[in-house]
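> how would this look folded up:
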Amino acid sequence: MPFAQKKEEYADLPAHAAGRLMAQNIPIIRPDDTIASAERFLMEHARDLATINYLYVADKERLVGVLSIKEVFRSLKTTPVADLMRRELITARPHTEAGRIALLAIEHNLKEIPIVNGEGKLLGSVGSDMVLHILHEKHVTEMLSVAGVHGFQDSQKLASASIGLLLKKRLPWLLLGLGGSIIAAAIIGSFHTEIQATILLAAFIPAVTYISGAVGAQGNSIFVRTLALDRNFKFGAYIRREIQISFSIAILLAITMGFVSFLVWQNQVLSIILASSFLISILASSVISIFLPWIFLKYKVDPALVSAPFDTILSDIVSITIYFALASFILRISA
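Residues are numbered from 1 along each chain as shown. Now for the predicted structure:
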């Protein structure tokens, strides 16, 4: 008979935990059953089952294998289920977050993911329809987060939201960006003497902030994606690799900027300022892009949603400060 664990046991889990999303009326067979008995079971209970993509093989309620529906109908009827079932299992726990379930299904090309407890007891499965629903919600959430809107998991809620609610969702992130811009402007204003001495310095502010911000955005995106996809993620090893990559990028871009600016403007001091600013601001932005989402993760805040706005603002402020601090120092020693 289909497995039927009490759903109430998982009512205290978060809404997007696997224990709340899984179906429990799923096809369960024993390893000593034959293909004929498995086929007969499906025919008798098909209407009562939430899914028939896989037959789950359980020994005393403990999941020991999985059999696809295709194998049932194309195998000899006398074949024991134990001879055909797949023993290398991809499973999740009741507290596993929905996004992780969807990633497991995609990564291993599975239609659904079985849910087990710590002892391997089969509790249910998150089916293909739910996986698609999770992916849709994730897509909507990430698209909204790019626009600076957080807190909507349902696009229908966004479409019907009131003006006041939309303002509440969007305005804080815009105000955060405005605050960062004001700080950046104040930093630039404090270096008015250097700007007056070399007016070309002002012309390169967008270049410095853009490059450092772009490198930071790349690092942030790759780090967040790696956290989500790599189950064996090791922060120390990742940091060492990213330092090497960031240093290489910073060196190449700094040399390119210094060389091109000298060819065009024939100003050695300006070229040194730009090259050194690019080098240090890119390295600083890379550090921010890694450690900021890591800090959010430590405090149980989803880094995919909130690290990007903070990353952009911090990178701009830090890169402008580095640019003008180096310009002030280099202009003073070269005078």
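> so where does the closest residue in space to Val208 that isn't next to it in sequence fall, helix or strand?
Once flanking residues are discounted, Val208 sits nearest to Tyr323: 4.8 Å by Cβ to Cβ, 6 or more residues apart in numbering. All C-beta spots, glycine's among them, are computed from the backbone N, C-alpha and C. In this structure, Tyr323 is located in helix 303-334 according to DSSP states H and E.
> for that helix, packing partners?
helix 128-146, helix 163-189, helix 192-197, helix 200-203, helix 205-229, helix 268-298 (3 or more Cβ pairs under 8 Å, 6 or more residues apart in numbering; DSSP states H and E).
> how about a cut-off of 6 Å?
On a contact count with 3 or more Cβ pairs under 6 Å, 6 or more residues apart in numbering; DSSP states H and E, helix 303-334 meets helix 163-189, helix 192-197, helix 205-229, helix 268-298.
> quick revisit: the residue nearest to Val208: neighbour count?
A total of 28 residues lie near Tyr323 under the criterion other Cβ atoms under 10 Å.
> what's the answer for Gly258, then?
Neighbours around Gly258, by other Cβ under 10 Å: 21.
> got it, and Arg47?
Neighbours around Arg47, by other Cβ under 10 Å: 5.
> and it, how far is that from Ala38?
Per Cβ to Cβ, to the nearest Å, Arg47 is found 17 Å from Ala38.
> after the strand or helix carrying Glu44, which helix or strand is next?
Assigned by DSSP H and E, Glu44 belongs to helix 35-45. Downstream of helix 35-45, the next assigned helix or strand under DSSP H and E is strand 54-59.
> flag every buried residue along that following strand.
Tyr54, Leu55, Tyr56, Val57, Ala58 (16 or more other Cβ atoms under 10 Å).
> residues contacting the nearest residue to Thr51 once chain neighbours are set aside?
Leaving aside its chain neighbours, Thr51 sits nearest to Gly127 (4.3 Å; criterion: Cβ to Cβ, 6+ apart). For Gly127, the contact set (Cβ atoms under 6 Å, 6 or more residues apart in numbering) comprises Ala23, Thr51, Glu112.
> report the contact partners of the first one.
What it means is Ala23. Ala50, Gly124, Gly127.
> worst average pLDDT in the helices and strands packed on helix 303-334?
Mean pLDDT across these is lowest at helix 192-197; the value there is a mean of 61.
> make sure Ile26 is indeed in a helix.
No. Ile26: not assigned to a helix; according to DSSP: H, G, I helix; E, B strand; the rest coil it is coil.
> tell me what the closest residue to it other than its chain neighbours is bridged to.
With Cβ to Cβ, 6+ apart as the criterion, Ile26 has its nearest non-adjacent residue at 5.1 Å, and that residue is Ser125. Beta bridges link Ser125 to Ala23, Pro114 when assigned by DSSP bridges.
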